[in-house]
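K.L.:
sequence and predicted structure, then a few things I'm wondering about:
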Amino acid sequence: MGRTRKIQIEWSYPIKVDSALTKERCIQSFGIYYISRKFGNKETLLYIGLTLNQNFINRVLQHHKNWMGNYRGEKYIRFGEFPIGKPVTRHMIEDIESCIIFELQPIQNINKKSSYTCNNEYEISNIGYRGVIPKEISTKNH
């Protein structure tokens, strides 16, 4: 492993998935996101994802088509943003997504739940409207 990198992700306010499809951020943004559902008073993490080659709206539409209808309750999406001015590479986003999936074991994620590979160690600080995401996640614990 390389050196430990400290990364901060600011999670957006949860947006109902159906409403998110019309948001400018969803149309233009690339990066990391998570989908959860709220049923009663309980929020459940369903999926952690990233978009590198397409925008959020295309990914959300794929989830809508494939599995979202299988869950009762209201579905929400949160977008993870990295600080402006701090370079975040494609490989870093992939590593961070892998780490969060491994740590939280989202229901709909298939890959990266039993193992993953990353090029560096990360200490991820989650701020904003993080919902079920812990404040701190470290690859050192994996």
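P.N.:
Right, received. Where do you want to start? Residues are numbered from 1 along each chain as shown.

K.L.:
just how off-centre is the longest helix anywhere in the chain within its chain?
P.N.:
The longest helix of the chain (DSSP state H) is helix 90-104. Put simply, helix 90-104 sits 8 Å off its chain's centre (C-alpha atoms, centre = their mean, to the nearest Å).

K.L.:
buried residues, it. List them.
P.N.:
Across helix 90-104, burial judged by 16 or more other C-beta atoms under 10 Å covers 92-104. Where C-beta positions appear, they are placed from N, C-alpha and C, glycine not excepted.

K.L.:
which secondary element of the protein has the worst mean pLDDT?
P.N.:
None of the helices or strands of the chain scores lower by mean pLDDT, DSSP states H and E than helix 24-28, at a mean of 57.

K.L.:
could you look up the next helix or strand downstream of it?
P.N.:
Counting by DSSP states H and E, the element after helix 24-28 in chain order, helix or strand, is strand 31-39.

K.L.:
mind jotting down where the helices sit in this structure?
P.N.:
Per DSSP H, the chain carries helices over the ranges 17-20, 24-28, 56-66, 90-104.

K.L.:
pLDDT weak spots in this protein?
P.N.:
By pLDDT under 70, the weakly predicted segments of the chain are 1-2, 21-30.

K.L.:
at 90 instead, please
P.N.:
1-4, 15, 17-31, 50-66, 68-69, 72, 79, 81-93, 117-120, 140-142 (pLDDT under 90).

K.L.:
may I have stretch 116-128 as PDB, with CA atoms only?
P.N.:
C-alpha atoms of stretch 116-128 as PDB (Å, rounded to 0.1, in the frame of the first residue of the first chain):
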ATOM      1  CA  TYR A 116     -11.400  -5.100  -2.800                       C
ATOM      2  CA  THR A 117      -8.100  -3.700  -3.900                       C
ATOM      3  CA  CYS A 118      -6.900  -0.200  -3.600                       C
ATOM      4  CA  ASN A 119      -3.700   1.600  -4.400                       C
ATOM      5  CA  ASN A 120      -3.500   3.700  -1.200                       C
ATOM      6  CA  GLU A 121      -4.800   3.700   2.300                       C
ATOM      7  CA  TYR A 122      -7.600   6.200   3.000                       C
ATOM      8  CA  GLU A 123      -9.000   8.000   5.900                       C
ATOM      9  CA  ILE A 124     -12.400   9.200   4.800                       C
ATOM     10  CA  SER A 125     -14.200  11.900   6.700                       C
ATOM     11  CA  ASN A 126     -17.900  12.200   5.900                       C
ATOM     12  CA  ILE A 127     -19.600  15.500   6.500                       C
ATOM     13  CA  GLY A 128     -22.900  17.100   5.600                       C
END
